[in-house]
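Participant: Model the following, please.
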Amino acid sequence: DLALPAAPRAGLHASRPAEPVRELARQLADGAIVGLFTGALEAGPRALGHRSILASPLEAGVVERLNATVKFREPFRPFAPVVLSDRATDYFRLRQPSPYMSLAAPVTELARNKLPAIVHVNGTARVQTVTREQHPILADVLTRFGEITGHPVLINTSLNIKGKPICGTPEMALDCLTESGLDALLIEGWWVTK
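Facilitator: All right, here's what the predicted structure looks like:
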């Protein structure tokens with residue numbers, strides 16, 4: 001079990017909230033950009049919730065900040081969404097689950113109107129669907145975020161800064177928080193802020 005000191009680095013503060021998932025969902029709904037570090041490092045080309053940066057797709061300012069201060073990407077590039085499986089068809093024209101973020105699906109009018117940050121110019125999104133069995137923490141965050149905002153959809157991008165590898169260790173995740181525009185990090189139940 002990971003143990004962090006109250007000040008894991010100069011300028012960082014760590015605490016253990018009683019309900020870390022509730023805290024994460026509330027912060028995301030308030031516009032925070034948060035790294036999620038939980039469980040084993042994923043294999044494959046996508047971060048699927050174990051080493052992810054999560055953000056609200058509902059506010060353009062969050063997306064601009066994510067591009068400018070964390071991912072250092074061109075502002076026109078949309079981010080991939082993660083959605084609760086049982087609500088996916090509200091937002092995406094999917095005929096099957098997409099747990100590995102490998103399918104580009106046309107978006108619905110609801111997604112186009114409410115979540116423009118995740119829509120490519122061709123009207124599709126590279127979507128990840130999540131069930132509680134696949135990823136209980138991420139499903140919980142989406143459920144709570146949906147209760148607050150009405151939309152159980154988040155931006156999910158890999159926990160790294162452009163040009164650096166995905167954060168495999170807690171130390172790398174703390175570096176990412178320190179060196180980027182991330183607002184906070186939820187790391188194995190610890191809430192770390194600047």
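Participant: Pull the contacting residues for the residue nearest the centre of the chain.
Facilitator: Against the mean C-alpha coordinate of the chain, by C-alpha atoms, centre = their mean, the closest residue is residue 54 at 1.8 Å. Taking C-beta atoms under 8 Å, 6 or more residues apart in numbering as the contact definition, residue 54 lies against 24, 28, 33, 34, 35, 36, 82, 141, 154, 155, 156. Placement of C-beta: from N, CA and C, glycine included.
Participant: Just the buried residues of the lowest-mean-pLDDT helix or strand in the chain, please?
Facilitator: Across the helices and strands of the chain, the lowest-confidence element by mean pLDDT, DSSP states H and E is helix 60-65, at a mean of 88. If you call a residue buried by 16 or more other C-beta atoms under 10 Å, then helix 60-65 has these buried ones: 62, 63, 65.
Participant: Sheet partners, orientation included, of whichever helix or strand comes after that helix?
Facilitator: Stepping forward along the backbone from helix 60-65, the first helix or strand reached (DSSP states H and E) is strand 81-84. Within its sheet, strand 81-84 is paired with strand 124-130 (parallel), strand 153-158 (antiparallel), according to DSSP bridges.
Participant: Let's have those strands in JSON lines, adding distance to residue 75, mean neighbour count and mean pLDDT.
Facilitator: Below are these laid out as JSON lines (distance: least, C-beta to C-beta, whole Å; neighbours: other C-beta atoms under 10 Å; pLDDT from 0 to 100):
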{"stretch": "strand 124-130", "distance to residue 75": "17", "mean neighbour count": "24", "mean pLDDT": "97"}
{"stretch": "strand 153-158", "distance to residue 75": "14", "mean neighbour count": "26", "mean pLDDT": "97"}
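Participant: Which one, of these, ends up nearest to residue 40?
Facilitator: Checking these against residue 40 by C-beta to C-beta gives strand 153-158 as the closest, at 15.1 Å.
Participant: Quick check: next helix or strand after that closest one?
Facilitator: The helix or strand immediately downstream of strand 153-158 is helix 170-179, counting by DSSP H and E.
Participant: who touches that next one?
Facilitator: Helix 170-179 is contacted from outside by 2, 4, 8-9, 11-12, 35, 37, 51, 159-161, 164-165, 167, 182, 184-185, 187-188, 192, 194, using C-beta under 8 Å, 6+ apart.
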